[in-house]
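Engineer: Return atomic coordinates for the entry below.
(one chain, ligands or ions: 2)
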Amino acid sequence: MAEKTTLSGKIAILPVALVNQIAAGEVIERPASVVKELIENSIDAGSTRIEVDVKAGGRLLIRVQDDGEGMCREDALLAFQRHATSKVRTDQDLLSIQTLGFRGEALPSIAAVSKVRMATSPQAGSPPPHPPPEADQAEDQAEGTEVLLEGGHLLKVREAGTPPGTLIEIREIFYNTPARLKFLRSVSTELAHISRLLHQQALAHPQISFRLSHEGKLLADFPSVPERMQRIQQVYGRPFTEHLVVLEDEWAKVKIWGAISRPPYTKSTRSYQEIFVNRRAVSSPFILHAVYEAYDISLLKGQHPVVLLFLEMDGPMLDVNVHPTKREVRFHDQRLIYDLIKESVKTGLERISRAELYPPGSRWDTGKTDHVHEAEPAYLKWDHASPATEVQPPSMRSPAFQEPGLVAPHLADRKTESDLPGLSEQVLPLGQIHNTYIIASIRGELWIIDQHAAHERVLYERFLEGIRSSQIPIQRLLIPQTLELPIAQAMILKEWMGYLESVGIEIESFGHKTLIIRSIPTFLARADLQGLILGLLEDWIDLEKTPSAQDRQNSLVATLACHGAVKANEALTSPEIKALLIDILKLPEAVTCPHGRPLRMKFTLRELEVMFRR
Ligand code: ADP
Ligand code: MG
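Structural biologist: Ligands and ions are numbered 1, 2, ... in the order given. Have a look, this model is predicted:
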């Protein structure tokens, strides 16, 4: 009765394949979701080596090979059945899940939307516990099973000679769901998602070796290491770890290990924040909130610390079964976790003495004194460009670019004092407090200015103007700066080199992951170029969703301006302060930074009188 649909009814049981596709949508969003699920399975299978190869950002092929426990023929077939899992047997098991997977849904969901080949062979000695008594290599391999599926349908099962472990190939993801295929982004964006996922898994499991390659090119190679910090170095590079503070705490059976930034070494992006609970990467706004609370005022608006946090606790203290992609977990005692993290971060930050924060000879130490004595402070360079030098549209390469300090006089004298007579007299700088806020009397009003926000806005406006008129002052670096980026990032950067050149950042690639910066817009003279480039990369990935070219432009320029601007906690010389104040006055409508934060507060005489009840 159930098999036959009646003609009168409108409701029919959906074919299994369709059900699978609908459910798959929840978990399998893009190639990176496949990579995540497959790596998780490999980890759960006790692998010590996991290799991921992808083609076309994962659209054409995702191949994951591991040396884990493998599967016997029966399991190889069961694995693709919905709700088939070896990891959970009873509802009690759900309370203390030790594995990354537990729903038995990933493989069927992936298979429903792709073409799958899996070759697997159990490790000798692993269950089922009846290895052939005198098994030699060849016989071992004959135990392997190969399974082919298409759109969730089993096409073929056969014996295959394959080494112990599991190889799984996912081809043409979404070939049968064109709507979802349409949502995939560029190769480099999908690749960036994949590499972030691999990085997360690698950070959580330093004892496992990981490799990622794209179109045969090795993008990441992380051999197994004993220490988590060594893995962090492998993933982010050695210089990255120089300014990290390590936290290690245990409280009420919750263990925390963390690496966080020392306050001045924060980033302008959130992309260095990863949280792991029992080795599972999770997103947890409330944990991040606890961290930001602990940083308190040492963290400036728009600045984000590096936060790599690893929590370990007993299974019953949390629920991992709350989110389709298992990206979220729930803690039974949220308050405890919150307090523990906040305390731990706070103590960690307090531990670093001021001397450690500003070691003699560090950029922060010399920066201040250099500034005072610098003949031409970096801030002023833009305005004080020598009019004698040549004007060069940044998109043109020419031998003239070999000379340092090329600038566009046009911009420099566009806003000379003579255009706005008397501005200088209207400005009386009174001082700088906490090396962050400028206090000034301006036309008889009391102004408090956030130096970073204000400078950011000034640079932003000038840069946009420079782009409109194709006149961006360029500075050829005397010593070209070399950047090392993770290969996936370096590849994205290569796609954007044309754009970068059009805004005055001239980059050459040098090998797979090494890039050389040859010239920059003059106003970026003080920027940390590595941070800037990483910030831009971040934006690009986000911006692919922004349809308006103008919005994209503005957002990228805001990032450039942010990196070029003076920072908080930076001592400024009197001429620098004065120049900044005048620049602000020239932009009367500018009351916020490009990100919308106020750049100044002002009090009229009348307001002061009211405050003091005069
Ligand atoms: P889950 O991981 O939630 O159990 P999956 O659909 O991801 O569900 O996998 C189903 C089952 O297939 C797993 O429980 C496991 O027994 C087996 N399996 C999947 N991938 C591997 C692998 N790489 N090595 C060994 N066994 C695997
Ligand atoms: Mg799984």
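Engineer: Tell me who's in contact with the most centrally placed residue in the chain.
Structural biologist: Nearest residue to the geometric centre of the chain (C-alpha atoms, centre = their mean): Ser271, 2.8 Å. Ser271 makes contacts with Leu534, Glu538, as judged by C-beta atoms under 8 Å, 6 or more residues apart in numbering. For glycine as for every other residue, the C-beta is placed from the backbone atoms N, C-alpha and C.
Engineer: what's it sitting at in phi/psi?
Structural biologist: The phi/psi pair for Ser271 (degrees, to the nearest 10) reads phi -80, psi 0.
Engineer: I'd like the distance between Ala45 and ligand 2.
Structural biologist: 10 Å (C-beta to the ion, to the nearest Å).
Engineer: At which residues are the helices of the stretch 401-550 of the chain located?
Structural biologist: Assignment of helices within the stretch 401-550 of the chain using DSSP state H, counting those that start in this stretch yields the ranges 409-414, 423-426, 451-468, 487-495, 497-502, 529-543, 549-564.
Engineer: got those as a markdown table, with mean pLDDT columns?
Structural biologist: Compiled in a markdown table, the helices of the stretch 401-550 of the chain are given as follows (pLDDT from 0 to 100):
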| stretch | mean pLDDT |
| --- | --- |
| helix 409-414 | 32 |
| helix 423-426 | 85 |
| helix 451-468 | 91 |
| helix 487-495 | 79 |
| helix 497-502 | 84 |
| helix 529-543 | 81 |
| helix 549-564 | 85 |
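Engineer: Format those helices as a markdown table; extra columns: distance to Ala440.
Structural biologist: Formatted as a markdown table, these follow (distance: least, C-beta to C-beta, whole Å):
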| stretch | distance to Ala440 |
| --- | --- |
| helix 409-414 | 24 |
| helix 423-426 | 10 |
| helix 451-468 | 11 |
| helix 487-495 | 40 |
| helix 497-502 | 36 |
| helix 529-543 | 29 |
| helix 549-564 | 22 |
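Engineer: Can you tell me which of those helices is most buried?
Structural biologist: helix 451-468 (a mean of 22; mean count of other C-beta atoms under 10 Å).
Engineer: Summarise which helices and strands it is packed against.
Structural biologist: helix 409-414, strand 437-442, helix 549-564, helix 574-585 (3 or more C-beta pairs under 8 Å, 6 or more residues apart in numbering; DSSP states H and E).
Engineer: I'd like to check the angle between it and strand 437-442, please.
Structural biologist: 80 degrees (axes from the mean of the first three to the mean of the last three C-alpha atoms, to 10 degrees).
Engineer: From the chain's centroid, how far away is helix 451-468?
Structural biologist: In terms of C-alpha atoms, centre = their mean, to the nearest Å, the centre of helix 451-468 is found 25 Å from the chain centre.
Engineer: That one versus helix 549-564: what angle between them?
Structural biologist: 130 degrees.
Engineer: Could you export helix 451-468 as PDB, CA atoms only?
Structural biologist: Extracted in PDB, the C-alpha atoms of helix 451-468 (Å, rounded to 0.1, in the frame of the first residue of the first chain):
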ATOM      1  CA  GLN A 451      44.600  59.900  16.400                       C
ATOM      2  CA  HIS A 452      44.200  56.600  14.700                       C
ATOM      3  CA  ALA A 453      40.600  57.100  13.600                       C
ATOM      4  CA  ALA A 454      41.400  60.600  12.400                       C
ATOM      5  CA  HIS A 455      44.400  59.700  10.400                       C
ATOM      6  CA  GLU A 456      42.700  56.700   9.000                       C
ATOM      7  CA  ARG A 457      39.900  58.900   7.700                       C
ATOM      8  CA  VAL A 458      42.400  61.500   6.200                       C
ATOM      9  CA  LEU A 459      44.300  58.800   4.400                       C
ATOM     10  CA  TYR A 460      41.100  57.100   3.200                       C
ATOM     11  CA  GLU A 461      39.800  60.300   1.600                       C
ATOM     12  CA  ARG A 462      43.100  61.100   0.000                       C
ATOM     13  CA  PHE A 463      43.500  57.600  -1.300                       C
ATOM     14  CA  LEU A 464      40.100  57.600  -2.900                       C
ATOM     15  CA  GLU A 465      40.900  60.900  -4.400                       C
ATOM     16  CA  GLY A 466      44.200  59.500  -5.700                       C
ATOM     17  CA  ILE A 467      42.400  56.600  -7.300                       C
ATOM     18  CA  ARG A 468      39.900  58.900  -9.000                       C
END
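Engineer: start to end distance for stretch 256-273?
Structural biologist: 15 Å (C-alpha to C-alpha, to the nearest Å).
Engineer: Just give me the longest strand of this protein.
Structural biologist: strand 474-484 (DSSP state E).
Engineer: Quick check: end-to-end length of stretch 51-59?
Structural biologist: 17 Å.
Engineer: quick revisit: need the helices and strands packed on helix 451-468 in CSV (columns: distance to Val34).
Structural biologist: Below are those laid out as CSV (distance: least, C-beta to C-beta, whole Å):
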stretch, distance to Val34
helix 409-414, 49
strand 437-442, 50
helix 549-564, 29
helix 574-585, 51
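Engineer: Out of these, which is closest to Arg59?
Structural biologist: helix 549-564 (23.8 Å; C-beta to C-beta).
Engineer: Show the contacting residues for Leu537.
Structural biologist: Leu537 sits in contact with Leu485, Gln489, Ile492, Leu493, where contact means C-beta under 8 Å, 6+ apart.
Engineer: quick one: the third one and His193 touch, right?
Structural biologist: Okay, so that is Ile492. No: counting by C-beta atoms under 8 Å, Ile492 does not reach His193; the two are 11.2 Å apart.
Engineer: before we move on, back to that, out of the contacts of Leu537, who's nearest ligand 2?
Structural biologist: Here the nearest of the contacts of Leu537 to ligand 2, counting by C-beta to the ion, is Gln489; it sits at 28.1 Å.
Engineer: For the chain, which residues are neighbours of ligand 1?
Structural biologist: With C-beta under 6 Å from any ligand atom as the criterion, the chain meets ligand 1 at residues 37, 41-42, 45, 66, 68-71, 79, 84-87, 101-107, 166.
Engineer: How about the contacts made by the residue in the stretch 401-550 of the chain positioned nearest to ligand 1?
Structural biologist: Nearest to ligand 1 in the stretch 401-550 of the chain, going by C-beta to the nearest ligand atom, is Ala488, at a distance of 23.4 Å. If you count contacts by C-beta under 8 Å, 6+ apart, Ala488 has them with Ser188, Leu191, Ala192, Ile194, Ser195, Leu212, His214, Leu219, Ala220.
Engineer: Pop out the phi and psi values for the residue lying closest to it once chain neighbours are set aside.
Structural biologist: Of all residues not flanking Ala488 in the chain, Ser195 sits nearest, at 3.9 Å (C-beta to C-beta, 6 or more residues apart in numbering). The phi/psi pair for Ser195 (degrees, to the nearest 10) reads phi -70, psi -30.
Engineer: wait, doesn't Ser195 sit right on Leu212?
Structural biologist: Yes: counting by C-beta under 8 Å, Ser195 does reach Leu212; the two are 6.2 Å apart.
Engineer: list the residues that contact both of those two?
Structural biologist: Leu219, Ala220, Ala488.
Engineer: for the second one, helix, strand, or coil?
Structural biologist: Put plainly, it is Ala220. Look at Ala220: counting by DSSP: H, G, I helix; E, B strand; the rest coil, its state is strand.
Engineer: so the closest residue to it other than its chain neighbours bridges to which residues?
Structural biologist: Distance criterion C-beta to C-beta, 6+ apart; nearest residue to Ala220, sequence neighbours excluded, is Leu212 at 4.2 Å. For Leu212, the beta-bridge partners are Val52, Ala220 (DSSP bridges).
Engineer: In stretch 282-301, which residues are buried?
Structural biologist: Val282, Ser284, Ile287, Leu288, Ala290, Val291, Ala294, Tyr295, Leu299, Leu300 (16 or more other C-beta atoms under 10 Å).
Engineer: do the same with stretch 68-88
Structural biologist: 68-73, 75-77, 79-80, 82, 85-88.
Engineer: Okay, now the sheet partners of the longest strand of the chain, with direction.
Structural biologist: Here strand 474-484 is paired, per DSSP bridges, with strand 514-521 (antiparallel).
Engineer: pLDDT averaged over the partner strand - what is it?
Structural biologist: For strand 514-521, the mean pLDDT works out to 89.
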